[in-house]
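J.: Provide a 3D model corresponding to the input given below.
(chains A, B, C and D)
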There are 2 protein chains.
Amino acid sequence: MKYAQEDAVEKATILFWKKGFQGSGMRDIQQALDMRPGSIYARFQNKEGLFKLVVEQYVAHSKEKLQNVADSDTPLLSLREFFKTALINPDELRYMRQCLLVKSITELELIGDVGKKAVLEGMVLLNNCFANIIEKAIETKELQDTTPVAFAADWLQNQFVGLRAFAILQTDNSAIEKMIDKVLYDLAAQWPSN
Amino acid sequence: MKYAQEDAVEKATILFWKKGFQGSGMRDIQQALDMRPGSIYARFQNKEGLFKLVVEQYVAHSKEKLQNVADSDTPLLSLREFFKTALINPDELRYMRQCLLVKSITELELIGDVGKKAVLEGMVLLNNCFANIIEKAIETKELQDTTPVAFAADWLQNQFVGLRAFAILQTDNSAIEKMIDKVLYDLAAQWPSN
DNA sequence: GCAAAAATTGAACACTCGTTCAAGTTAACA
DNA sequence: TGTTAACTTGAACGAGTGTTCAATTTTTGC
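T.: Okay, here's the model as predicted:
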């Protein structure tokens, strides 16, 4: 029963990821989950409740992957690999190049308070993950210890956002790789003071 | 008459900018333009036709501002100012921090072919503007002549996307300014080869 | 000042939206 | 095997969607 629920949330994730909150109708959801409206409402309260679970699972999953990066012996090299696998994938999985959270932010006003909260809290959580990676990279001397951790974490998250928007429109994978390289150069480059 | 049309498109721009294509209902549009459905359809064909005009006007407006940056004696300094005015504004204009085109990209599948085309062509057009700025900055020696123009233009556009996503969630204006500074540092820093 | 053309109106259309709930099915336990 | 509880079903609801069009008003040109 619990497994079936996780499975359902996973299927809903694909839908929301592809079509957004607003763009995913209850009838799309019913079809994707192979469930009738009554069951969906009994389980998830409503569309927004399902969306909340989707976001939470998405964040948990992303957090796990970013923590693996941080736990690596060479966090920055792992980060490069993480970016590559997130941004370069076969065409049928192209929708994944967009970050579900960022996509949701663009329609934040149309989502209710429950879903909104889940999205914003997810952003903060992933930001912490980026900060962890930077701290670890300082420990392994991949980055200077003068690197401003909190600011660089915000910056890295931004870069990810920009990269994802780029990757959606891009057909040339080598251009994406070069863009990732640039991010890693700049991460080790100069930071604004105070 | 022509003026009234531009005025209507401007009002529609605010609506689409705030709520997106999908999120802006015809009744919202009717209210915003103070027009009845028949008039709107007579003038703009349909919702998507209006959206197309909105995007085109938005792009034309953005292009103009970016061209002013390129025509400046110090394009990079002007670019900094351009970023600042686009990203730091009073709370009631906060919706403007998001790029209308990028916002539209996230719901591209839900917009028809006409609107989709307008958005994608707009992206290409603005990309050219960014390339112009970089070329001019090389001429004024603000950038090295080894800077890879086309790639740097893509990169700059990405930075703008990331910055705008950052600025929406950010309340601290000085953090945004620092993020802009970082972009300008990196623009003059190392680029990946081939 | 008047007729023809252009623009505007708003009620109504067919369809889709998220959601409900009484009825029916399946599972759990004694 | 009978009883209770948990879950599932799908028709139906009211509100919202983009769009149409005959009737009306305004503008235009002579």
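
J.: Quick check: the gap between the residue of chain A most remote from its centre and B:G38.
T.: Using CA atoms, centre = their mean, the residue of chain A lying farthest from its centre is A:G38. It sits 30.6 Å away. Going from A:G38 to B:G38 by CB to CB, to the nearest Å gives 41 Å. No exception for glycine: its C-beta is placed from N, CA and C like everyone else's.

J.: now A:D154
T.: For A:D154, the distance to B:G38 equals 49 Å [CB to CB].

J.: avg pLDDT for the particular helix or strand that has A:Y41 in it?
T.: Using DSSP states H and E, A:Y41 sits within helix A:37-44. Across helix A:37-44, pLDDT averages out at 96.

J.: neighbouring contacts of it?
T.: Helix A:37-44 is touched from outside by A:5, A:8, A:26, A:29-30, A:33, A:35, A:50, A:53, with contacts defined as CB atoms under 8 Å, 6 or more residues apart in numbering or on different chains.

J.: The helix or strand following that helix - contacts with which helices or strands?
T.: Remark: after helix A:37-44, the chain's next helix or strand is helix A:47-71, criterion DSSP H and E. Helices and strands touching helix A:47-71, by 3 or more CB pairs under 8 Å, 6 or more residues apart in numbering or on different chains; DSSP states H and E, are helix A:2-23, helix A:26-33, helix A:37-44, helix A:75-87, helix A:100-105, helix A:113-139.

J.: What sits closest to A:N128 if chain neighbours are left out?
T.: A:A153 (7.6 Å; CB to CB, 6 or more residues apart in numbering or on different chains).

J.: Quick check: that neighbour vs DNA strand C, distance?
T.: Going from A:A153 to DNA strand C by CB to the nearest atom of the strand, to the nearest Å gives 35 Å.

J.: Count the neighbours of that residue for me.
T.: For A:A153, the neighbour count with other CB atoms under 10 Å in any protein chain shown is 20.

J.: Spatially central, which residue of chain A would that be?
T.: Most central in chain A under CA atoms, centre = their mean is A:C99, positioned 4.5 Å from the mean C-alpha point.

J.: Pretty sure A:G162 is one of the things that one touches, is it not?
T.: No. Applying CB atoms under 8 Å, one finds A:C99 not in contact with A:G162, separated by 10.6 Å.

J.: re the thing from before, looking at pLDDT only, which of the contacts of helix A:37-44 scores worst?
T.: A:Q5 (83).

J.: Wait, A:V149 touches A:E135, no?
T.: Yes. Under the criterion of CB under 8 Å, A:V149 makes contact with A:E135 at 5.8 Å.

J.: Show me what from chain A comes close to DNA strand C.
T.: A:24-28, A:37-38, A:41, A:46-48 (CB under 7 Å from any atom of the strand).

J.: again, only using 10 Å
T.: Residues of chain A lying near DNA strand C by CB under 10 Å from any atom of the strand: A:1, A:19, A:21-30, A:36-42, A:44-51, A:112.

J.: give me the subset of the residues you listed touching DNA strand D.
T.: A:1, A:26-27, A:30, A:36-42.

J.: give me the low-pLDDT residue ranges for chain A?
T.: Residues of chain A that meet the criterion pLDDT under 70 lie in A:1-3.

J.: Around DNA strand D, pick out the residues from it.
T.: Counting by CB under 10 Å from any atom of the strand, the positions of chain A adjacent to DNA strand D are A:1-2, A:4-5, A:8, A:26-27, A:30, A:33-43.

J.: Of these, keep whichever come out buried.
T.: Buried subset of those (neighbour count, 16 or more other CB atoms under 10 Å in any protein chain shown): A:8, A:33, A:35, A:40, A:43.

J.: any idea how far the last one is from A:M35?
T.: So that's A:R43. 8 Å.

J.: what touches both of these two?
T.: A:A8.

J.: Pick the one among the buried ones among the residues of chain A next to DNA strand D closest to B:K116.
T.: Using CB to CB, A:L33 comes nearest to B:K116 of those, at 28.4 Å.

J.: give the contact list for the closest residue to A:R36 other than its chain neighbours.
T.: Nearest non-adjacent residue to A:R36, counting by CB to CB, 6+ apart: A:Q30, 6.5 Å away. Counting by CB under 8 Å, 6+ apart, A:Q30 touches A:36-37, A:40.

J.: Against A:G25, how distant is the closest residue to DNA strand D within chain A?
T.: Using CB to the nearest atom of the strand, the single residue of chain A nearest to DNA strand D is A:G38, 2.1 Å away. Computed as CB to CB, the A:G38 to A:G25 distance reads 17 Å.

J.: Please apply the same query to A:Q190.
T.: Look at A:Q190 and A:G25: by CB to CB, they are 49 Å apart.

J.: What of A:R97?
T.: Distance of A:R97 to A:G25, given as CB to CB: 23 Å.
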